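S.K.: Sequence plus the predicted model coming up.
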2 protein chains.
Amino acid sequence: MTRQTGARPKTKRGIERRAKILAAAEQVIGEKGFNAASIADITRAAGTALGTFYIYFSGKDVLFRELVQDMGRATRSQAAERIAGAANRLEAERAGLEAYLTVVRDRPMQYRIVEEARFVDPDAYRDYYMAFGKVYAEQLEKAERRGEISAGDAEVRAWALMGIAKALGERFVLWEEEVDIERVVTETHAFICKGLAP
Amino acid sequence: MTRQTGARPKTKRGIERRAKILAAAEQVIGEKGFNAASIADITRAAGTALGTFYIYFSGKDVLFRELVQDMGRATRSQAAERIAGAANRLEAERAGLEAYLTVVRDRPMQYRIVEEARFVDPDAYRDYYMAFGKVYAEQLEKAERRGEISAGDAEVRAWALMGIAKALGERFVLWEEEVDIERVVTETHAFICKGLAP
């Protein structure tokens, strides 16, 4: 699973250029799909020379993998930030769901790219969700020990809760013209709270 | 959305040949993916002549759409059958989840093909889940009127429950060597029951 990935820049300028290419790739691959998006499309969108791409990534497949990994890290750290202030697990569930649906609304290309990873790079796809599921299950275990939720299989529950968020993001955010995150979160949170309550 | 699809056979022999091609397509497209799977691969797997394909389908995209539609109809009718004997909605939730995970175990290619439809034929993908969600929400509404579950937004709940089934199918059936459907269903059903209880 530790495939060769491009060089990690050490200078500020290099870090910025690499980030710019990744941001452009998110837009271009998200819109066109992996196969149709060319490296030239990506560097054009990033406003960099084609050759610059190869300083950081040895190819489009490597870029794609790093993009999915970066998205996973960013989404996990955003979620952790958003739920950090929650008084207990049930409040954290609400904050986490709201944060997730907001990311789907604001960065719909991310959703699409992660889903495309299932076909383009199945390992990256699996790693993305397994990493999420692991953190989620650990949090549920801690909450169970603190008596904030009932006893249960933390991993099964973590995946059930992730599945809820994913399906709602697709149906009520990606597919809706008029997105009402608040309504969906309130309704779902009532269901989750009763499901998990001690 | 009513795109031209191939001719529907009327004879028994025609119906069987068309079904054989669809079954072969499920296997071949599921394994190779839509782009890599050729019509020749599919007819070879079906044991029919290449020309026979075009009697029933005008092209690979039309075949794919019909395959997704057929899978949707079959899965919905299987689910309806499996939950028909349930005494109430909460029992039906258990039977439905178990039936879904069993389909994922026995026909993993279906899961993959429906997910690939998101990219190959977004309308077919959306129709597939919207049809499911509609039936599901109607059942929840009826159950609410019968007092079997608490009051709530049936569509949001239907999608939350579908999301649970999908995520668990992926994590604990598709990705596991040792599949223990019973354990996953029991754990999840406890959560769902408490979440929906009146």
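M.R.: Everything's here; your move.

S.K.: only C-alpha atoms for contact and neighbour calcs from this point on.
M.R.: OK.

S.K.: Could you pull out the buried residues of the helix or strand hosting A:Leu101?
M.R.: Using DSSP states H and E, A:Leu101 sits in helix A:89-106. Buried residues in helix A:89-106, defined by neighbour count with 16 or more other CA atoms under 10 Å in any protein chain shown: A:89-90, A:92-105.

S.K.: can you map out the helices along chain A?
M.R.: Counting by DSSP state H, chain A has these helices, from start to end: A:12-32, A:39-46, A:50-56, A:60-84, A:89-106, A:108-120, A:122-145, A:154-168, A:181-196.

S.K.: Model confidence for the residue nearest to A:Ala37 when sequence neighbours are not counted, exactly?
M.R.: Leaving out its chain neighbours, the residue that sits closest to A:Ala37 by CA to CA, 6 or more residues apart in numbering or on different chains is A:Ile29, at 5.5 Å. At A:Ile29, the model reports a pLDDT of 97.

S.K.: quick revisit: packed most tightly, which of the helices of chain A would that be?
M.R.: Scoring the helices of chain A by mean neighbour count under mean count of other CA atoms under 10 Å in any protein chain shown gives helix A:154-168 as the most buried, with a mean of 24.

S.K.: Let me know whether A:Gln27 touches A:Met109 as I believe.
M.R.: Yes. Between A:Gln27 and A:Met109 there is a contact under CA atoms under 8 Å: 6.5 Å.

S.K.: hmm, back to that, which ones are touching the residue nearest to A:Ala37?
M.R.: A:Ile29 sits next to A:Ala36, A:Ala37, A:Ile113 when contact means CA atoms under 8 Å, 6 or more residues apart in numbering or on different chains.

S.K.: Could you do A:Glu148 as well?
M.R.: A:Asn88, A:Arg89, A:Leu90, A:Ala197, A:Pro198.

S.K.: ok, now how distant is the second one from A:Ile83?
M.R.: When CA to CA, to the nearest Å is the yardstick, A:Arg89 and A:Ile83 sit 9 Å from each other.

S.K.: What sits closest to whatever residue of chain A ends up closest to chain B if chain neighbours are left out?
M.R.: Proximity of chain A to chain B (CA to the nearest CA) peaks at A:Gly195, 3.9 Å away. Leaving aside its sequence neighbours, A:Gly195 sits nearest to B:Gly195 (CA to CA, 6+ apart; 3.9 Å).

S.K.: Just list the residues touching that neighbour, thanks.
M.R.: A:Ala190, A:Phe191, A:Ile192, A:Cys193, A:Lys194, A:Gly195, A:Leu196.

S.K.: Any stretches of chain A with poor pLDDT?
M.R.: Where chain A drops to pLDDT under 70, the residues are A:1-7.

S.K.: So which bits of it are right by chain B?
M.R.: For chain A, the residues in contact with chain B (CA under 8 Å from any CA of the partner chain) are A:116, A:119, A:152-153, A:156-157, A:159-168, A:171, A:184, A:187-188, A:190-196.

S.K.: ok, now with 7 Å
M.R.: For chain A, the contact set with chain B under CA under 7 Å from any CA of the partner chain comprises A:153, A:156-157, A:159-161, A:163-164, A:166-168, A:184, A:187-188, A:191-192, A:194-196.

S.K.: related to what we said a few turns ago, dump the contacts of A:Ile29 to TSV, plus distance to A:Asp123.
M.R.: Below are those laid out as TSV (distance: CA to CA, whole Å):
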residue	distance to A:Asp123
A:Ala36	21
A:Ala37	21
A:Ile113	14
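
S.K.: for those, which one is nearest A:Leu67?
M.R.: Nearest to A:Leu67 among those: A:Ile113, at 8.8 Å, using CA to CA.

S.K.: So the closest one is in contact with A:Gly30, correct?
M.R.: Yes. A:Ile113 lies in contact with A:Gly30 (CA atoms under 7 Å); the separation is 5.6 Å.

S.K.: hang on, the earlier thing: which of the contacts of A:Glu148 sits closest to A:Asp123?
M.R.: A:Arg89 (30.3 Å).

S.K.: do you know how far A:Lys142 is from A:Asn88?
M.R.: 11 Å.

S.K.: next one: A:Val185
M.R.: According to CA to CA, A:Val185 and A:Asn88 sit 17 Å apart.

S.K.: Kindly report the same for A:Tyr100.
M.R.: In terms of CA to CA, A:Tyr100 sits 18 Å off from A:Asn88.

S.K.: do A:Phe172 as well
M.R.: 26 Å.

S.K.: With neighbour numbers in mind, choose between the two.
M.R.: For A:Phe172 versus A:Asn88, the count of surrounding residues by other CA atoms under 10 Å in any protein chain shown is larger for A:Phe172: 21 against 15.

S.K.: give the contact list for that one.
M.R.: By CA atoms under 7 Å, 6 or more residues apart in numbering or on different chains, the contact set of A:Phe172 is A:Val179.

S.K.: again, but for A:Ala117
M.R.: For A:Ala117, the contacting residues are A:Ala124, A:Tyr125, by CA under 7 Å, 6+ apart.

S.K.: try 10 Å this time
M.R.: Residues in contact with A:Ala117 (CA atoms under 10 Å, 6 or more residues apart in numbering or on different chains) are A:Phe34, A:Phe64, A:Arg65, A:Val68, A:Asp123, A:Ala124, A:Tyr125, A:Arg126, A:Tyr128.

S.K.: Please apply the same query to A:Arg44.
M.R.: Here A:Arg44 is in contact with A:Ile21, A:Ala24, A:Val28, A:Ser38, A:Leu50 (CA under 10 Å, 6+ apart).

S.K.: so can I have TSV of those showing distance to B:Tyr54?
M.R.: Formatted as TSV, the contacts of A:Arg44 follow (distance: CA to CA, whole Å):
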residue	distance to B:Tyr54
A:Ile21	44
A:Ala24	42
A:Val28	36
A:Ser38	33
A:Leu50	44
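
S.K.: which among these gets closest to A:Glu176?
M.R.: Nearest member of those to A:Glu176, counting by CA to CA, is A:Val28, at 22.2 Å.

S.K.: Can you give me the distance of that closest one to A:Asp61?
M.R.: 14 Å.
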